[in-house]
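*Asks:* missing the sequence, but the structure's below:
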């Protein structure tokens, strides 16, 4: 774990503050970080002045050694780590990609299923989890959980 001090500003009231944050997280070394990534609260911050919640965006590298690495606002090359590197541009992408990859799901299938669900239901769709044994993907659609069975041999839902 590496930490660094960051100068931040609240996007709502403009309050300026400094905060210490991890810049490198190695999965398995901090179960608290893994839990917060999974429940989508890792980047969450409440402004001490206006009390509004928002995501802090700062450089972060998450390594799941021998499986994958996810980076947010970090310039790196695919050869920097021994595992595949995935770049994200927002905390939401980071959370979703972490869930997908840590579940052992295929991000390309998840993206395809999300797009189809968005078209069918005309709403926001969020990946929740993957049941590898039964090839069932779970999504939040209109804040309700939905299970989608994926038949790999036919490439269909």
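*Replies:* Received, thanks. Nothing here was measured: the structure is a model prediction, and the numbers come from that model.
*Asks:* SS state for residue 37?
*Replies:* For residue 37, the assignment made with DSSP: H, G, I helix; E, B strand; the rest coil gives helix.
*Asks:* what's the burial count for it?
*Replies:* 24 (other Cβ atoms under 10 Å). (Glycine included, C-beta is placed from N, CA and C.)
*Asks:* any idea how far residue 121 is from it?
*Replies:* Counting by Cβ to Cβ, to the nearest Å, the gap from residue 37 to residue 121 is 26 Å.
*Asks:* what does residue 104 give?
*Replies:* Distance, residue 104 to residue 121, using Cβ to Cβ: 26 Å.
*Asks:* So between those two, which is more surrounded?
*Replies:* Neighbour count, other Cβ under 10 Å: between residue 104 and residue 121, residue 121 has more, with 14 against 9.
*Asks:* Go ahead and flag the most central residue of the chain.
*Replies:* residue 95 (1.3 Å; Cα atoms, centre = their mean).
*Asks:* Please report how far the residue lying closest to that residue once chain neighbours are set aside lies from residue 93.
*Replies:* Distances taken as Cβ to Cβ, 6 or more residues apart in numbering place residue 40 nearest to residue 95, at 4.6 Å, with adjacent residues excluded. Distance, residue 40 to residue 93, using Cβ to Cβ: 11 Å.
*Asks:* More neighbours: which of the two?
*Replies:* Shown here are residue 40 and residue 93; by other Cβ under 10 Å, residue 40 has more neighbours (17 against 14).
*Asks:* Distance check, that one against residue 126.
*Replies:* 9 Å.
*Asks:* Check residue 133 too.
*Replies:* Taken as Cβ to Cβ, the span from residue 133 to residue 126 is 22 Å.
*Asks:* Pick out whichever of those two has more residues nearby.
*Replies:* Between residue 133 and residue 126, residue 126 has the larger neighbour count (other Cβ under 10 Å), namely 16 against 6.
*Asks:* tell me the contacts of that one?
*Replies:* 96, 139-140 (Cβ atoms under 8 Å, 6 or more residues apart in numbering).
*Asks:* got the contact list for residue 4?
*Replies:* By Cβ under 8 Å, 6+ apart, the neighbours of residue 4 are 20-21, 23.
*Asks:* If anything else comes up later, I'll come back, but that's it for now.
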